[in-house]
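[1] Could you work out the structure for the sequence below:
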Amino acid sequence: MYAQYFGLKQAPFSIAPDPRYLFMSERHREALAHLLYGVGGGGGFVVLTGEIGAGKTTVCRCFLEQIPRRTNVAYIFNPKLTVAELLKSVCDEFRIPYEHQGPGQATIKDYVDPLNEFLLKTHAVGQNNVLIIDEAQNLSPDVLEQLRLLTNLETSERKLLQIMLIGQPELRTMLAQPELEQLAQRVIAHFHLEALSEEETSQYIQHRLGVAGLKRGRLFDKKTVHRIHQLTAGVPRRINVLCDRALLGAYVENKSRVDKAIIDKAAQEIFQVPTKASHASAASHKPANSDEAATQRTPRRQAQEPWMPWLAAGLLFTSIAGIGTAA
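    Below you'll find the predicted structure:
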């Protein structure tokens, strides 16, 4: 909606994990290096953790674009599975045919045997095999134990399956449990992706605007970036959501740059951040009766909706433009 107004080719702050927009901070470079190291690291586990929205999945997508040739990849992004379901998914990702021998339901052996055969055959022709599991903090202990068993297949030089676990900080806690010590000992690389510093937040915003087509100048000044970092704690996804809404606000208000006031309005709507005025009002006034309480509730409710007219105006403008074009 606002891209053309600011001279952009596209909206710069989408939350989709688009590798083109990956801002390679020092932390992100290290995270990517750990994943790339894992491909030739002799097998075992590589663990990448980070807060929600820190950019783990985006780093992983970038890794997939740079993965060495002759590498087979299985990517599991929904790990809330049983042991049998996970093994079936791994075989499907590697395109390994399997069938159940004998009566009754399929067993774990029906998946493990063809998977082991596949790993041996591909290793013999010089291929690597990588299993990537996103949101790995959702794995059950039974599934984690089965993954450890999969790494038992090895030659005298290396293990035949490299497993990469990507997840939230809880994953580190899980792997520290005594019952998973055998798995933890097979982790050859572990990196925790921290949030961005204030300087990196500024670079991140400018980087995404540049990729989106901004030719010159800054849409966010230093004070505004400082406020953005305060409100988002440097988490990229939160930065994206806040900056996207702020640019929409600046567009509707016909401003050429985003100022601190616009950021505060955006944060109030998205993150439910109370304004200083509402803090002062709440501290100095307590309702004496139900009528007074009802009177005080109305201004607070209105204060929480400063952006709704902006959204309505923007959508109305788009609709009118579309009708005019069709006519």
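[2] Could I get the contacting residues of the closest residue to Cys62 other than its chain neighbours?
    Once its chain neighbours are removed from consideration, Cys62 has its nearest residue in Pro19; the separation is 4.5 Å (C-beta to C-beta, 6 or more residues apart in numbering). Glycine gets a C-beta too; all of them are placed from N, C-alpha and C. In this structure, Pro19 makes contact with 58, 61-62, 65, judged by C-beta atoms under 8 Å, 6 or more residues apart in numbering.
[3] do Asn152 as well
    Asn152 is in contact with Lys159, counting by C-beta under 8 Å, 6+ apart.
[4] What's the separation between it and Gln182?
    Here the criterion is C-beta to C-beta, to the nearest Å. By it, Asn152 lies 10 Å from Gln182.
[5] repeat for Leu209
    If you measure Leu209 against Gln182 using C-beta to C-beta, the figure is 47 Å.
[6] Low-confidence bits of the stretch 151-300 of the chain, can you list those?
    273-300 (pLDDT under 70).
[7] Buried residues of the strand or helix carrying Leu144, list them for me.
    Per DSSP states H and E, Leu144 falls inside helix 141-150. Across helix 141-150, burial judged by 16 or more other C-beta atoms under 10 Å covers 143-144, 146-148, 150.
[8] Can I get these in JSON lines including pLDDT?
    Formatted as JSON lines, the entries for these read as follows, by pLDDT from 0 to 100:
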{"residue": "Val143", "pLDDT": "94"}
{"residue": "Leu144", "pLDDT": "94"}
{"residue": "Gln146", "pLDDT": "93"}
{"residue": "Leu147", "pLDDT": "94"}
{"residue": "Arg148", "pLDDT": "93"}
{"residue": "Leu150", "pLDDT": "91"}
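[9] any idea which of the residues you listed is the one closest to His229?
    Nearest to His229 among the buried residues of helix 141-150: Leu144, at 36.0 Å, using C-beta to C-beta.
[10] Surely that closest one touches Glu181?
    No. Here Leu144 does not reach Glu181: they are 11.5 Å apart, not a contact under C-beta atoms under 8 Å.
[11] list the contacts for Thr82?
    Taking C-beta under 8 Å, 6+ apart as the definition of contact, the neighbours of Thr82 are 140, 142-143.
[12] Let me see the ranges of the helices in the stretch 1-150 of the chain.
    Ranges of helices in the stretch 1-150 of the chain, per DSSP state H, counting those that start in this stretch, are 26-39, 56-66, 83-94, 108-124, 141-150.
[13] Who are the packing partners of the third one?
    What that stands for is helix 83-94. Counting contacts by 3 or more C-beta pairs under 8 Å, 6 or more residues apart in numbering; DSSP states H and E, the secondary-structure elements packed against helix 83-94 are strand 71-76, helix 108-124, strand 128-133, helix 141-150.
[14] could you redo the last one with a cut-off of 7 Å?
    Using 3 or more C-beta pairs under 7 Å, 6 or more residues apart in numbering; DSSP states H and E, the elements in contact with helix 83-94 are strand 71-76, helix 108-124, helix 141-150.
[15] Give the buried residues for that helix.
    With burial defined by 16+ other C-beta under 10 Å, the residues of helix 83-94 counted as buried are 83-84, 86-91, 94.
[16] Between helix 141-150 and that helix, find me the angle.
    50 degrees (axes from the mean of the first three to the mean of the last three C-alpha atoms, to 10 degrees).
[17] Likewise for the longest one?
    Taking the same axes, to 10 degrees, helix 108-124 and helix 141-150 form an angle of 40 degrees between their directions.
[18] Direction-wise, compare helix 108-124 with strand 71-76 and give the angle.
    150 degrees.
[19] what about helix 108-124, distance to the chain center?
    Taking C-alpha atoms, centre = their mean, to the nearest Å, the mean C-alpha location of helix 108-124 is offset from the chain mean by 32 Å.
[20] which helices and strands does it pack with?
    Helices and strands in packing contact with helix 108-124 are listed as helix 83-94; criterion 3+ C-beta pairs under 7 Å, 6+ apart.
[21] For the helix it packs on, give the mean pLDDT please.
    Averaging pLDDT along helix 83-94 gives 95.
[22] what sits up against that helix?
    Residues lying outside helix 83-94 but in contact with it, judged by C-beta atoms under 7 Å, 6 or more residues apart in numbering, are 72, 74-76, 81, 98, 106, 108, 111-112, 114-115, 118, 131, 142-143, 146.
[23] one step back: and of the buried residues of helix 141-150, the nearest to Gly50?
    Distances from Gly50 to the buried residues of helix 141-150, taken as C-beta to C-beta, are shortest for Leu144 (19.1 Å).
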